[in-house]
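K.L.:
Provided below are the primary sequence and the corresponding predicted coordinates.
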Protein chains: 2
Amino acid sequence: MTVDDDQLDRSFAALADPVRRAMIARLSRGPATVNELAEPFPITKQAVSRHIQVLEAAGLITRSRDGQRRPCHLVPAALEALTSWIDEYRLETERRFRRMEALLRGAREQEQKEQTK
Amino acid sequence: MTVDDDQLDRSFAALADPVRRAMIARLSRGPATVNELAEPFPITKQAVSRHIQVLEAAGLITRSRDGQRRPCHLVPAALEALTSWIDEYRLETERRFRRMEALLRGAREQEQKEQTK
DNA sequence: GCTATATTCAACACATCGGTTGATCAAGGA
DNA sequence: TCCTTGATCAACCGATGTGTTGAATATAGC
């Protein structure tokens, strides 16, 4: 899954809050309703409801219908899109580091050779 | 590298801005100074300087000294800490999905057997 | 229909964020 | 020493985010 800039904005902003991260952690173990998600936190249900809306707008969760409940479900593909974005730049950096290292090693060996000549 | 809640707050918030993400992308190809990082953007150097401070406070970059320049360097381990956090919950969710799927498949086969009995 | 429960909407307060301008600091070069 | 360049600090402004309270909506169950 590839995402645009706005999607990344919303997703990373959604993860930049400990309450929402805890909800993600909870939802990884199975679906949960607003009330269930609210339980661990000392904040109002309305605040929790809005956290959920932020996660949904980011595409990190979806919601189904079960009578008057609206259970939340984690969307693993949305999480994967984020790690892909991050990994692209991490891997490029690590490749660059390795090239630099090899270059330095080569230069050192060359220097040794010059000295023992 | 494992990080605490504040670190995750700062890191994800740092990534929740297109300017800072573009800086990350640029830095993956090599170190750069404030002026170099500022070049692509229609904002003041001061604003760029503060974006850099946000990235540094999050631990996503470090800075060295080269005369009056302060080149920025990406920290791949910090990026890796973020993907690790995300992957933990994505993988748990995917495992759960697979278990559910297997369960459903088992139930369907059971049902078929009952019908042909 | 009535009431209880689950959830959301609306309006507000307060803090933080991302930008600006103007001043300041630090290092290099003539 | 003086001037230039790279970078930062400080104060301010408008927008956004996160919480609150109180009212509204929707579904379940009697």
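P.N.:
Thanks, I have it. Numbering: from 1, shown residues only, chains lettered A, B, ... in the order given.

K.L.:
Return the residues of chain A in contact with DNA strand D.
P.N.:
Contact residues (C-beta under 7 Å from any atom of the strand) of chain A with DNA strand D: A:13, A:16-17, A:19, A:42-44, A:46-47, A:50-51, A:54, A:67-68. No exception for glycine: its C-beta is placed from N, CA and C like everyone else's.

K.L.:
Of these, which belong to helices?
P.N.:
A:Ala13, A:Val19, A:Gln46, A:Ala47, A:Arg50, A:His51, A:Val54 (DSSP state H).

K.L.:
And A:Ile43, how far from chain B?
P.N.:
16 Å (C-beta to the nearest C-beta, to the nearest Å).

K.L.:
Likewise for A:Glu88?
P.N.:
For A:Glu88, the distance to chain B - C-beta to the nearest C-beta - is 8 Å.

K.L.:
Pull out the buried residues from the ones in helices among the residues of chain A next to DNA strand D.
P.N.:
Neighbour-count burial (16 or more other C-beta atoms under 10 Å in any protein chain shown) applied to those gives A:Ala13, A:His51, A:Val54.

K.L.:
Surely the last one touches A:Arg20?
P.N.:
Same thing as A:Val54. Yes. Using C-beta atoms under 8 Å, A:Val54 is in contact with A:Arg20, at 6.5 Å.

K.L.:
joint contacts of the two?
P.N.:
Counting by C-beta atoms under 8 Å, 6 or more residues apart in numbering or on different chains, the shared contacts of A:Val54 and A:Arg20 are A:Ala14.

K.L.:
number of nearby residues for the closest residue to DNA strand D within chain A?
P.N.:
Nearest residue of chain A to DNA strand D (C-beta to the nearest atom of the strand) works out as A:Gly67 at 3.0 Å. A:Gly67 sits with 5 neighbouring residues when counted by other C-beta atoms under 10 Å in any protein chain shown.
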